[in-house]
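Trainee: Sequence first, predicted coordinates after that:
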Amino acid sequence: MNADLLAIRFLFASAGCLAAGALIWGVTLLLRRRLPALAAQRSVWLLAQLAIAATFVLLQAPQTQRLQVAPVFEVDASAIADVPAAPALSAAANRVQPLARERSWLAWAAWVWMLAYAIGLAAAALRLWQGQRMVSRLARLGSPLAGLEHATSAAPRAIEVDAPVSPMLFGLWRARLIVPLSLREFDPLQQRLIIEHELTHWRRRDLWWLAAATLLQVLFWFNPAMRILRNQLAWSQELGCDRDVLRGRIELERKAYAMALVAQLRMQRVALGHAMGHALAFGGVRSDSMASRLALIRAPGLARRAGWTRCAGLLGLGAAFAANLALQPALAWHDHGDGAAARSIDCTIMIDAATGEHLVEQGACDARVTPASTFNIAVSLMGYDSGILRDAHAPAWPFKPGYSDWNPSWRGTTDPAIWIRESTVWYAQQVAARLGADGVRNYVERFDYGNRDLSGDAAAPDGKMDAWFSGALQISPIEQTAFLRKVVNRELGVSPHAYDTTAQLLRLAPLANGWDVYGKTGTARPLRPDGAEDPTRAYGWFVGWASRNGRTIVFARFVLQPRDPHSAAGPALKRAFLRALPATLDTL
């Protein structure tokens with residue numbers, strides 16, 4: 001995977017994660033205002049964090065892009081070489097893009113963000129480690145607390161410390177309970193209720209829930225919604241423990257519990273800060289939230305509404321997550337096949353045919369898309385190997401009504417040379433029809449061509465095979481060069497006649513510096529996520545090889561770019577590439 005593309009995906013996913021966090025937090029805030037009992041539902045708050053994290057992951061996943069079944073009209077530059085070009089066409093042709101490209105501003109921005117994220121992640125992890133270390137140091141300064149009535153052999157070990165802190169539970173693998181010396185000043189009933197509160201945390205495995213939420217907060221440190229939702233989870237755990245401890249208790253015990261909570265908050269003088277990432281503390285809440293907690297203690301009826309409140313919260317959260325998925329096409333750095341960017345992408349790859357060494361690799365060269373008319377190279381090899389095709393001019397098949405004819409040059413008798421030059425769709429379909437679906441599939445498997453997916457042909461009307469246009473069959477520039485290297489080295493297991501005649505059809509005019517060039521263009525249009533054709537963009541391919549003095553270099557050029565109404569993407573790409581190719585070859 002191209003590193004720049006990975007960084008850009010990460011940047012766009014981070015932006016989408018922020019948007020998802022704002023949406024989910026807004027939904028949960030509205031639900032909490034309408035359903036106060038939702039504050040005590042820990043599952044809602046953790047799932048809200050997970051929904052944001054899932055959105056981040058989904059925004060980095062490849063977005064499958066469908067393709068136009070009919071390829072774009074193509075005219076090779078050789079057909080109009082002697083015709084004066086219109087000003088707009090000349091301008092387009094003169095926009096020669098070098099093979100070695102500088103990193104775009106978006107890629108630089110993405111790498112800056114990756115660096116900032118790494119620094120922020122390290123800082124967040126450091127704060128968490130310092131907090132854990134602070135709590136552990138506090139526990140080491142204390143002494144075991146004997147005679148704890150509620151302790152059992154399986155219960156957390158209680159440690160008494162001389163520090164103005166709240167009673168707190170910490171430690172995932174070996175839970176321990178820190179009890180301040182000041183707890184001795186409390187009434188025995190209040191002491192029992194406070195200890196029961198912490199043991200309830202332990203029985204409910206609240207520490208594991210909080211650890212998961214804290215980990216998500218650290219990983220997504222840049223998203224304020226994760227911190228808010230993590231704090232809401234901690235708050236809901238306190239409320240949940242209050243509810244469980246006070247369930248069925250008499251009014252006197254409820255009042256004693258509320259008084260203990262207020263007294264503990266008043267006595268707490270030292271805040272442990274980030275230590276709370278690993279601990280659950282009785283009274284470890286803000287003073288401005290104390291009123292809500294006391295209200296829950298006084299109103300036990302809220303606990304009876306917990307079930308349907310949780311369901312309502314989960315439904316609202318599900319709706320918010322569905323909205324995130326609906327917004328994904330707008331937020332994501334869109335991919336085509338395995339990773340081509342939606343707005344524009346540009347790949348150049350050149351390899352040494354003998355050694356396989358990558359001489360040039362720029363852009364997203366592992367992005368799978370339709371091969372379009374470049375698949376005619378494979379069809380030519382199939383046709384000559386099977387005997388369906390005989391030479392450069394035989395067989396010559398007449399055009400028939402019902403054949404693809406949006407290009408006027410296709411409406412006549414066509415032979416292999418014309419077919420390759422004009423990218424005549426119906427001629428390739430006739431070769432494929434004579435081979436049969438199984439025959440084509442066997443060749444595609446033998447060639448190890450792209451994703452080898454011909455499933456689109458199962459629904460092709462009148463048996464016309466078109467998987468290389470429908471989008472089912474896809475191939476990346478890297479895979480194109482791997483396939484062409486096997487063609488050059490004659491490693492596909494077809495006849496010498498198939499290799500020789502296919503090369504004859506692909507041969508172009510020699511370069512000024514003596515290199516012989518063989519190549520094929522391809523053009524197609526993507527469709528937008530709603531299925532409508534995107535008239536503003538086009539795929540362009542130019543693939544082949546160049547040979548001189550016994551050395552052969554295989555190349556593949558691919559672009560997804562704004563569509564030029566005056567020139568098909570494939571031929572335009574070919575002209576620009578051939579113009580820059582001599583100088584590039586001289587440096588390799």
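Mentor: Yep, it's here.

Trainee: could you measure Gly439 against Gly383, distance?
Mentor: According to C-beta to C-beta, to the nearest Å, Gly439 stands 10 Å off from Gly383. C-betas here are computed from N, CA, C, even on glycine.

Trainee: residue ranges with poor pLDDT in the stretch 151-300 of the chain?
Mentor: Per-residue confidence for the stretch 151-300 of the chain (pLDDT under 70) gives these ranges: 151-154, 164, 182, 262-300.

Trainee: 80 instead, please
Mentor: Where the stretch 151-300 of the chain drops to pLDDT under 80, the residues are 151-158, 160-198, 200-201, 206, 234-300.

Trainee: Phi first, then psi, for Phe553.
Mentor: To be clear, residue 553 is Ile; Phe isn't right here. phi -120, psi 120 (degrees, to the nearest 10).

Trainee: where does it sit relative to Ile24, distance-wise?
Mentor: Distance, Ile553 to Ile24, by C-beta to C-beta: 52 Å.

Trainee: about what we covered before: so if I had to pick from Gly439 and Gly383, which one is more boxed in?
Mentor: Gly383 (27 against 15; other C-beta atoms under 10 Å).

Trainee: list the contacts for that one?
Mentor: Leu389, Pro416, Val431, Leu435, Ala498 (C-beta atoms under 8 Å, 6 or more residues apart in numbering).

Trainee: switch to 10 Å and redo it
Mentor: Gly383 sits next to 376, 389-390, 395, 416, 419, 427-428, 430-432, 434-435, 443, 498, 501-502 when contact means C-beta atoms under 10 Å, 6 or more residues apart in numbering.

Trainee: Write the ChimeraX selection for whichever of those residues are buried.
Mentor: Per 16 or more other C-beta atoms under 10 Å, the buried members of these correspond to this ChimeraX selection:
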select :376,389,395,416,419,427,428,430,431,432,434,435,443,498,501,502
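
Trainee: So which elements touch whichever helix or strand Asp586 is part of?
Mentor: Secondary structure assignment for Asp586, by DSSP states H and E: helix 569-587. Counting by 3 or more C-beta pairs under 10 Å, 6 or more residues apart in numbering; DSSP states H and E, the packing neighbours recorded for helix 569-587 are helix 87-93, strand 345-352, strand 358-362, strand 516-524, strand 537-548, strand 551-562.

Trainee: Quick one: closest of these to Val179.
Mentor: Minimum separation from Val179 across the helices and strands packed on helix 569-587 (C-beta to C-beta) falls at strand 345-352, 61.2 Å.

Trainee: where are the low-confidence patches of the stretch 401-550 of the chain?
Mentor: 455-471, 527-534.

Trainee: wait, Thr501 sits on Leu389?
Mentor: Yes: Thr501 lies in contact with Leu389 (C-beta atoms under 10 Å); the separation is 7.4 Å.

Trainee: okay, and the common contacts of the two?
Mentor: Shared contacts of Thr501 and Leu389 (C-beta under 10 Å, 6+ apart): Ser380, Leu381, Gly383, Pro416.

Trainee: Now do the residue nearest to the first one when sequence neighbours are not counted against Leu389, distance only.
Mentor: Right, the one you point to is Ser380. Spatial nearest neighbour of Ser380, chain neighbours left out: Thr502 (4.4 Å); criterion: C-beta to C-beta, 6 or more residues apart in numbering. Distance of Thr502 to Leu389, computed by C-beta to C-beta: 9 Å.

Trainee: Which neighbours do the two have in common?
Mentor: Val379, Ser380, Leu381, Met382, Gly383, Pro416.

Trainee: measure the residue nearest the centre of the chain to Gly550 for me?
Mentor: Nearest residue to the geometric centre of the chain (C-alpha atoms, centre = their mean): Gln60, 1.6 Å. Plainly put, Gln60 is 44 Å away from Gly550 if you go by C-beta to C-beta.
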